[in-house]
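**Q** attaching a predicted model along with its sequence, questions to come.
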Amino acid sequence: MAPLPRTRLYLDSALAAGAPVPLDGPRAHYLRSVLRLEPGARVLAFNGRDGEWLAEVARLAKSGGELVALEPVRPQDDGAADGPWLLFVPLKGGRSEWVVEKATELGVGVLQPVFTRRGDVGRVNLERMAANAVEAAEQCERLSVPAVREPVDLARMLDSWDPERPLLLAAESGRAAPLVTAVTAQKGKVPALLVGPEGGFDPGELDALLRLPFVLPVGLGPRILRADTAALALLSVWQAVAGDWTRAGGDARPPFRT
Ligand code: SAM
């Protein structure tokens, strides 16, 4: 049994036995000039729909290339695509990208940038965030890439919220339940997790949030965490109490092809 290749690529094309899989210029460049692969080399490919496939490099040129899908090595049973949503206020200094990378590793389903009254950043580079999510999914052996959504205003997002999806709000409010208590009470539901901006929510925003029946304020202990720390703490605790960390076994997949 040959070990599986280490290189994993997320590609949008369909994956089926013998199917040609086109590579764009940057992907072909990465395989050819960075990894120094040649035709005949093997890689793993996934597209978020057809599972993970062993594929062979058929052609690599400056302008693009092609793989051929050989055989499936993992079915598409990745729970992460249905993982919790993270609603976060864009942060300064590359910290949003850091949140995207780490949240992808932690099995987030949707990344939703949210603008609040006290946000630090007026614009987001969605393309860069999406690229960070792809890179992190390739590296951590996910079979899906989380959706990176267009930023929305907090009030507008709440107006059209599906009340069936609980919204756990990280809040240093006296009414906040301990996080584990709230997650345990909500077991079976996949929530959205909302973290405020570095300057905190505006009091009017916080009041409006706390009046909504689907919003559950949760506390993250007695210390004030930075927004990125709070986001990753929320996701980690949710995975440990109600998500895929509760499953037995640590291996993402067997190390050898069967
Ligand atoms: N509210 C503070 C202020 O106005 O200075 C600080 C905001 S904190 C840096 C950023 C966000 O992280 C908060 O809005 C909240 O969502 C979350 N957060 C940080 N520490 C928390 C804690 N101990 N419990 C619950 N949420 C927390």
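**A** Received it, and whenever you're ready, just let me know what you need.

**Q** what segments of the stretch 1-150 of the chain are helices?
**A** Along the stretch 1-150 of the chain, counting by DSSP state H, counting those that start in this stretch, helices occupy 25-29, 95-105, 126-140.

**Q** turn the ones you listed into a markdown table, including mean pLDDT.
**A** Output for those, formatted as a markdown table (pLDDT from 0 to 100):
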| stretch | mean pLDDT |
| --- | --- |
| helix 25-29 | 96 |
| helix 95-105 | 97 |
| helix 126-140 | 96 |
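
**Q** among these, which is the most enclosed?
**A** Ranked by mean neighbour count under mean count of other CB atoms under 10 Å, the helices of the stretch 1-150 of the chain are led by helix 95-105, which reaches a mean of 22. (C-beta placed from N, C-alpha, C; glycine too.)

**Q** now for it, which elements pack on it?
**A** The contact analysis (3 or more CB pairs under 8 Å, 6 or more residues apart in numbering; DSSP states H and E) places helix 95-105 against strand 85-88, strand 110-115, helix 126-140, helix 227-241.

**Q** residues contacting P166?
**A** Contacts here follow CB atoms under 8 Å, 6 or more residues apart in numbering; on that basis P166 touches 186, 189, 191-192, 214, 216.

**Q** then G25?
**A** Contacts of G25 (CB under 8 Å, 6+ apart): 62-64.

**Q** among the residues you listed, name the ones in strands.
**A** G64 (DSSP state E).

**Q** so which of the contacts of G25 sits lowest on pLDDT?
**A** Among the contacts of G25, K62 carries the weakest pLDDT, at 91.

**Q** quick one on the thing from earlier: can you say which of the contacts of P166 are buried?
**A** Buried residues within these, counting neighbours by 16 or more other CB atoms under 10 Å: 186, 191-192, 216.

**Q** that older thread, need the helices of the stretch 1-150 of the chain in CSV (columns: distance to L209).
**A** Below are those laid out as CSV (distance: least, CB to CB, whole Å):
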stretch, distance to L209
helix 25-29, 41
helix 95-105, 20
helix 126-140, 24
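
**Q** out of those helices, which gets nearest to F46?
**A** helix 126-140 (8.2 Å; CB to CB).

**Q** the closest one to helix 95-105, inter-axis angle?
**A** Our comparison of helix 126-140 with helix 95-105, counting by axes from the mean of the first three to the mean of the last three CA atoms, to 10 degrees, yields an angle of 40 degrees.

**Q** point out the residues in this protein that sit beside the ligand.
**A** Contacts of the chain with the ligand, taken as CB under 6 Å from any ligand atom, map to 170-172, 195-196, 198-201, 219-221, 223-227, 230.

**Q** ok, back up a step: which of the buried ones among the contacts of P166 sits closest to the ligand?
**A** Nearest to the ligand among those: L216, at 12.0 Å, using CB to the nearest ligand atom.
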